[in-house]
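Undergrad: what would the 3D arrangement of this be:
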Amino acid sequence: MKSISNFSIDDLNVPTYWIWQLTNRCNLECIHCLWESGPNAAYPDELSPKESLELCKKIVNIQIPYTTLSGGEPLLYPGFWDLFTCFRNNDIEVKIETNGNLISESVADRIARLEPRSVQISIDGATQKTYSTMRPRGVLEKALNAIKYLNERGIYMEAVFVPTRFNYKEFEEVVEILHSLGVKTLYTGITMYLGRAVKNWNIVNPTSEEYKYVIDIARSKAKEYKDMNIVFYPFGLIEELKFRLENPPASPLLLSNGKVKLLGPIPYVVADVRKHSMEEIWERYKKGWRHPKVKEWVEEVSKNPEKVKITTQRSKFIDLWCE
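TA: Numbers count the residues shown, from 1 in each chain. All right, here's what the predicted structure looks like:
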């Protein structure tokens, strides 16, 4: 009998987790955004609300237990509420990743009625100046109010803090604010060299001393706040790619235009929900991790990280089987 640690995705008939980028459109234009999302960044061929509901039913039928709805900003997707309802009516757990700026009390009521597993909101500064430097167009008060509203309605709240050279000194205050608002899990870690972060790397990338400051605060606050889980993710881009190549996650990444990827940084498409059945998607996903070109790409990037300058332009997403 295999131990749990020896199981791989090849032992599974279906994914354990479905990551869904509903739209690349966003009300903000964050300077570190992997997908370079923004008000005018939606893919022209993103899945229609009807197509999304049809896909939801397929996910239900093969019994994938858990999904994340993200973006861009998922609340801007016109089919968001029907899709969210479809998942919850069929007992599929849902996590929502949002910037929170669109969540009023009435929206919080609507979210709470559907009982998501969690809602994750990013807070990258304790002041409006720092927050809006990281998230142009963003309003810190709206994001913090969203956490407050959702926590008051019994939603399990998670938050993300992305360290940069200009915000790291505010991390302690951010932790204190989030704890006071009832956040249960706070994620931080190595800032990824991807998307817009590449263009802004001179101000986004912290020094080793600045990272140490964040780590020390995370440790001290974790001891102080026993009711708050503070997680520092230690992998940078190269470490993450190498780890995932050896330990592929059972979680396909669905882009808003129906293309399925292995992982955000890897520029290969392995399937298309408009062309392939769920069974085919899962098999192509598993085989994709073993494709020699994926290994070659990771090795090249490990030697020269500059090669990972990915944008969300569709021309950059190469079909792994149609090069």
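
Undergrad: only C-alpha atoms for contact and neighbour calcs from this point on.
TA: Will do.

Undergrad: show me where the stretch 1-150 of the chain has helices.
TA: Secondary structure of the stretch 1-150 of the chain (DSSP state H, counting those that start in this stretch): helices located at 49-62, 80-89, 105-113, 128-134, 140-152.

Undergrad: looking at these, spot the one closest to residue 28.
TA: Proximity to residue 28 (Cα to Cα) singles out helix 128-134 among these, at 9.3 Å.

Undergrad: any idea which of the helices of the stretch 1-150 of the chain gets closest to residue 294?
TA: Using Cα to Cα and comparing the helices of the stretch 1-150 of the chain, the one that lies nearest residue 294 is helix 49-62, at 26.3 Å.

Undergrad: could you give the angle of the closest one to helix 80-89?
TA: 10 degrees (axes from the mean of the first three to the mean of the last three Cα atoms, to 10 degrees).

Undergrad: which helices and strands does helix 49-62 pack with?
TA: helix 80-89, helix 278-289 (3 or more Cα pairs under 8 Å, 6 or more residues apart in numbering; DSSP states H and E).

Undergrad: roughly how far apart are residue 239 and residue 163?
TA: According to Cα to Cα, to the nearest Å, residue 239 and residue 163 sit 18 Å apart.

Undergrad: which of the helices of the stretch 1-150 of the chain sits most buried?
TA: For those, the largest average neighbour count (mean count of other Cα atoms under 10 Å) is found in helix 140-152, namely a mean of 21.

Undergrad: give the other helices and strands that the helix or strand following that helix contacts.
TA: Per DSSP states H and E, helix 140-152 leads on to strand 157-160 as the next helix or strand towards the C-terminus. Packing partners of strand 157-160 (3+ Cα pairs under 8 Å, 6+ apart): strand 118-122, helix 140-152, strand 185-189.

Undergrad: would you reformat the helices of the stretch 1-150 of the chain as CSV and include distance to residue 220?
TA: CSV is the format used below for the helices of the stretch 1-150 of the chain (distance: least, Cα to Cα, whole Å):
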stretch, distance to residue 220
helix 49-62, 42
helix 80-89, 37
helix 105-113, 32
helix 128-134, 23
helix 140-152, 23
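
Undergrad: which stretch among those comes nearest residue 70?
TA: helix 80-89 (10.0 Å).

Undergrad: which residues touch that closest one?
TA: By Cα atoms under 8 Å, 6 or more residues apart in numbering, the surrounding residues in contact with helix 80-89 are 22, 49, 52-53, 56-57, 60, 74, 93-94, 114-116.

Undergrad: average pLDDT for that helix?
TA: For helix 80-89, mean pLDDT is 98.

Undergrad: how about the strands in the protein?
TA: Along the chain, counting by DSSP state E, strands occupy 18-21, 66-70, 93-98, 118-122, 157-160, 185-189, 229-233, 253-254, 259-261, 268-272, 318-319.

Undergrad: by mean pLDDT, which helix or strand of this structure comes out lowest?
TA: Every helix and strand of the chain was ranked by mean pLDDT, DSSP states H and E. The lowest is strand 318-319, at a mean of 78.

Undergrad: point out the other helices and strands that that one packs with.
TA: strand 268-272.

Undergrad: what's the strand it packs on packed up against?
TA: In terms of contacts (3+ Cα pairs under 8 Å, 6+ apart), strand 268-272 is packed against strand 259-261, helix 278-289, strand 318-319.

Undergrad: could you export that strand as PDB, CA atoms only?
TA: Presented in PDB, the C-alpha positions along strand 268-272 are these (Å, rounded to 0.1, in the frame of the first residue of the first chain):
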ATOM      1  CA  TYR A 268       2.100  26.300 -22.300                       C
ATOM      2  CA  VAL A 269      -1.500  25.400 -22.900                       C
ATOM      3  CA  VAL A 270      -2.400  21.800 -22.400                       C
ATOM      4  CA  ALA A 271      -6.100  21.700 -23.100                       C
ATOM      5  CA  ASP A 272      -9.100  23.800 -24.100                       C
END
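
Undergrad: done for today, thanks.
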